[in-house]
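Asks: have a look at this prediction, sequence included:
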Amino acid sequence: MSWAKIKPLLIAVALIALAWLAWMPDWQAQSFKRSTKPFVALSVTAQQPELQYSREVMEDIRNRLAVRHEWIVDPEAPHWKIAVAVSQEQAAGAKTPVSIVAKLFYDGQLQQQWRVQGNMSAANELASRAVKLLTTAVSNVDPAFE
């Protein structure tokens, strides 16, 4: 075979190799997943799981956190961990106190903690505020957002 016949084949192989290298993840990272967004592990629990309202608020917060576009939910996230605990008193009614405690961990160390409290009648707003606080904190601290 002559050089003129092999040259286009070698160029094609070189371009395929470059495309493959560009697609590969960062080998230096702890996780080989490619994204400019932080990977976040979520933990949402209810202090009184037997209470229907606590389970509903817990599920609402879990869904709100899971669909956020600021991060990617990954149970084995190496850096960010978010722990949310929902609690309410045993009394029933619109005036029953509801408390949402959100903790933000980075590399195993507590970075920030919030407590959002209010009445059961405003639990959806409480969940929204807790998620907004967590989203703002992650986007302000994580180097991926700089």
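Replies: Arrived safely, thanks for sending. Numbers count the residues shown, from 1 in each chain.
Asks: just checking, what packs against the helix or strand harbouring Ile11?
Replies: For Ile11, the element it lies in under DSSP states H and E is helix 3-23. If contacts are counted by 3 or more C-beta pairs under 8 Å, 6 or more residues apart in numbering; DSSP states H and E, helix 3-23 sits against no helix or strand. (Glycine included, C-beta is placed from N, CA and C.)
Asks: quick one: average confidence on it?
Replies: In this model, helix 3-23 carries a mean pLDDT of 88.
Asks: next structured bit after it?
Replies: The first helix or strand that comes after helix 3-23 along the chain, using DSSP H and E, is strand 39-46.
Asks: tell me the helix or strand right after that following strand.
Replies: helix 52-66.
Asks: show residues contacting that following helix.
Replies: Residues from elsewhere that reach helix 52-66 (C-beta atoms under 8 Å, 6 or more residues apart in numbering): 40, 42, 44-49, 73, 82, 84, 86-88, 96, 98, 100, 120, 123-124, 126-128, 130-131, 134.
Asks: name the residues of that helix that are buried.
Replies: Within helix 52-66, the residues that count as buried by 16 or more other C-beta atoms under 10 Å are Tyr53, Ser54, Val57, Met58, Asp60, Ile61, Arg62, Arg64, Leu65.
Asks: what's the answer for stretch 112-127, then?
Replies: Buried residues in stretch 112-127, counted by 16+ other C-beta under 10 Å: Gln112, Val116, Met120, Ala123, Leu126, Ala127.
Asks: OK, contacts around the residue nearest in space to the middle of the chain?
Replies: Note on the chain: the residue nearest the mean C-alpha position is Val40, at 3.4 Å, using C-alpha atoms, centre = their mean. For Val40, the contact set (C-beta under 8 Å, 6+ apart) comprises Leu65, Trp71, Ile72, Val73, Asp74, Ala77, Trp80, Lys81, Ile82, Val138.
Asks: quick one: contacts of the helix or strand of the chain with the lowest mean pLDDT?
Replies: Sorting the helices and strands of the chain by mean pLDDT, DSSP states H and E puts strand 72-73 at the bottom, at a mean of 78. Residues from elsewhere that reach strand 72-73 (C-beta under 8 Å, 6+ apart): Lys33, Ser35, Lys37, Pro38, Phe39, Val40, Ala41, Leu42, Leu65, Ala66.
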